[in-house]
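Visitor: Fold the stuff below for me.
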Amino acid sequence: MRLWRFDGRRLRVAAGDDPGWTPPIPREAGLVPTPTGSVRLDPVPDIQGYWVETAVGDQGATEAAAGLVRPIVAALLESERQRALLADELASRYKEIDLLYAISEILGQTTRLDEAAQTIVREVSSVVGARRASIMVYDEATGMLRTVAARGFSTEQVVPISPQDDVSIAARVFRERRVLVYDPEDGAGDAEDDGRGYKGRAFLSLPICYAAPGGSTRCVGVINLTDRVGGDRFSAADRKLVTAVANQIGAAVENARLVTRDLRQQRIRRELELAHDLQLKLLPHPSILQEDARLAARCVPAESVGGDFYTFARLGRGRVGVMLGDVASHGFSAALIMALVMSAAAIHAGAAVTPDETLSALLESLGTELQTTEMYFTVFYGVLDPALGRLSYANAGHPYAFRVPGTGEPERLEATAPPIGLATPGAIDRRQVPWLPDDLLCLCTDGLVDARNSAGERFGERRLLDLVLAHRTESPEAILEAVYAESDGFTSPPIDDRTLVVMRMNGEKRER
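Guide: As a prediction, the model looks like this:
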């Protein structure tokens, strides 16, 4: 038995030993002559260009064998194709993570707008392969778009531009807050722009927007990219990547500007507040679980930037993955690690099969950054499978993870490894516990448990669990509200982020 692949000219062996000859290209399934006798060739279903060879024996047996083998081969080839697509997706997502992390580092390492913008434009243009690039920022004092950084030419060559300029592409992007892209090979832009008035090389021009805490989104500038290395066309992937980081660029530019303006008035505090607001936007909304589960989650930040995070996802066949963690320490460095973990978790949770594989992948991809920054984080990741009636989980040093049954006391989901950043490769184990229809998953961070009142008394784990037990027949939203109502009334101004996640699988016991 062999697998043959048509390369456009003839059949070549794709699997199996090479017989030293090549069969003729068949038009349909059936027997074909070869130097060693006739063999049967059958096309692989749904996979163009592949043929399965089976030896000729009894005609009925040969056709039966071919019928059994063909779907198996088709499934294997499709699996390999999906693996290659996943590898490409992971590679592109890693590039996005690297760029986001680089921009976050810029925000934390510079206090000058020109220095920040120059580094950003270099990083972005390098990733997408643009020989010429620039960042233009709106100057509120003059009401003009000013080029603050450029690659491939000097900023001194460019005069400020009015946002109302009818000819300037950058002014149009700023006014309309939308992407403009042009390909000279087509003679026009994409569906969003007809490219009128532009006769040069291809360009990609995007608005840089920023959402201030409690305010609406506003455009703060424009990033322009031209002269693609190795070609004159910016791909859809280039556009997707630059669009994904445009808001991060806006945050970096805006924060650098704020630091310069407010250097004498609580510079670090303002920077941390803005950065924390950006981090909270990374947290997903429970509605993404749709009909698979009912989930309530809330992260209440303290005044300083924190490192609490959670994420969840549908994994197919009714399974749901839930992750909650807490980056050690506080401040801007913790928020940066939190953002990096959230981006990496979105990749690894979908690519890995089991919770311990997911946390091991996080350890591998973030190990260098954690070692460099001397930081670590605790994290719990569980996969609930109601069809099998079980919860599989891996717990890297997170103490506040519980299974709350319909009756009886909560069960602590013990740690299976040290925190990420302290654990060694191969040290993360997986455990499984039964999951019954009435069960609740309750995850929280130490900000809730360790909160103290004015007399110095801790809120405490027992108080939190008693509240959950008292309301466990109700909806996750009602349980969460009960816990926070008690915590808000008990706690003096909090000194740490307080995060709680409560989940019940759909199809299980509903609230009263």
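
Visitor: Bridged to Asn181, which residues?
Guide: Not Asn; residue 181 is Val. Counting by DSSP bridges, Val181 forms beta bridges with Leu204.

Visitor: Test my guess that it contacts Lys240.
Guide: No - look at Val181 against Lys240 with C-beta atoms under 8 Å: they stay out of range, at 11.6 Å. In short, each C-beta sits where N, CA and C put it, glycine included.

Visitor: Between these two, tell me which one has more neighbours.
Guide: Val181 (21 against 11; other C-beta atoms under 10 Å).

Visitor: Ile428 versus that one, what's the distance?
Guide: Remark: distance between Val181 and Ile428 (C-beta to C-beta, to the nearest Å) = 44 Å.

Visitor: Could you do Ala171 as well?
Guide: Distance from Ala171 to Ile428, by C-beta to C-beta: 53 Å.

Visitor: cool, and Arg390?
Guide: 19 Å.

Visitor: okay, these two: which has more neighbours?
Guide: Ile428 (24 against 15).

Visitor: Roughly how far does Val173 sit from Val220?
Guide: 12 Å.

Visitor: Please identify which of those two sits among more neighbours.
Guide: Neighbour count, other C-beta under 10 Å: between Val173 and Val220, Val173 has more, with 25 against 20.

Visitor: State the pLDDT value of that one.
Guide: Here, the pLDDT recorded for Val173 equals 93.

Visitor: Now do the contacts for it.
Guide: Applying C-beta atoms under 8 Å, 6 or more residues apart in numbering, we find Val173 in contact with 179-180, 205-207, 222.

Visitor: same deal with Tyr138?
Guide: Contacts of Tyr138 were listed using C-beta under 8 Å, 6+ apart, and they are 144-146, 163, 174, 219-221.

Visitor: what's the helix or strand for it?
Guide: strand 130-139 (DSSP states H and E).

Visitor: helices or strands next to the helix or strand following that strand in the packing?
Guide: Counting by DSSP H and E, the element after strand 130-139 in chain order, helix or strand, is strand 144-151. The helices and strands touching strand 144-151, judged by 3 or more C-beta pairs under 8 Å, 6 or more residues apart in numbering; DSSP states H and E, are helix 113-128, strand 130-139, helix 169-176, strand 217-228.

Visitor: One more pass at 6 Å, please.
Guide: Helices and strands touching strand 144-151, by 3 or more C-beta pairs under 6 Å, 6 or more residues apart in numbering; DSSP states H and E, are helix 113-128, strand 130-139.

Visitor: What residues of the last one count as buried?
Guide: Of the residues in strand 130-139, those scored as buried under the neighbour-count criterion (16 or more other C-beta atoms under 10 Å) are 130, 132-138.

Visitor: follow-up on the earlier one: so which of the contacts of Tyr138 wins on neighbours?
Guide: Most surrounded of the contacts of Tyr138: other C-beta under 10 Å gives Gly221, at 28 neighbours.

Visitor: And the helices in the chain, which stretches?
Guide: For the chain, applying DSSP state H gives helices covering 59-109, 113-128, 169-176, 236-261, 267-280, 332-351, 355-373, 446-449, 461-470, 476-490.

Visitor: For those helices, which has the smallest mean pLDDT value?
Guide: helix 267-280 (a mean of 63).

Visitor: so can I have a markdown table of the helices and strands packed on strand 144-151 showing distance to Ala482?
Guide: Formatted as a markdown table, the helices and strands packed on strand 144-151 follow (distance: least, C-beta to C-beta, whole Å):
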| stretch | distance to Ala482 |
| --- | --- |
| helix 113-128 | 45 |
| strand 130-139 | 46 |
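
Visitor: Of all those, which one comes closest to Ala401?
Guide: Between Ala401 and the helices and strands packed on strand 144-151, the shortest separation by C-beta to C-beta is 37.6 Å, and it involves helix 113-128.

Visitor: Relative to the whole chain's centre, how far out is that closest one?
Guide: 22 Å (C-alpha atoms, centre = their mean, to the nearest Å).

Visitor: buried sites along it?
Guide: Here helix 113-128 shows 113, 116-121, 123-125, 127-128 as buried, counting by 16+ other C-beta under 10 Å.

Visitor: what's the answer for stretch 452-461, then?
Guide: 459, 461.

Visitor: Ok, stretch 71-79 next?
Guide: 73-74, 77.
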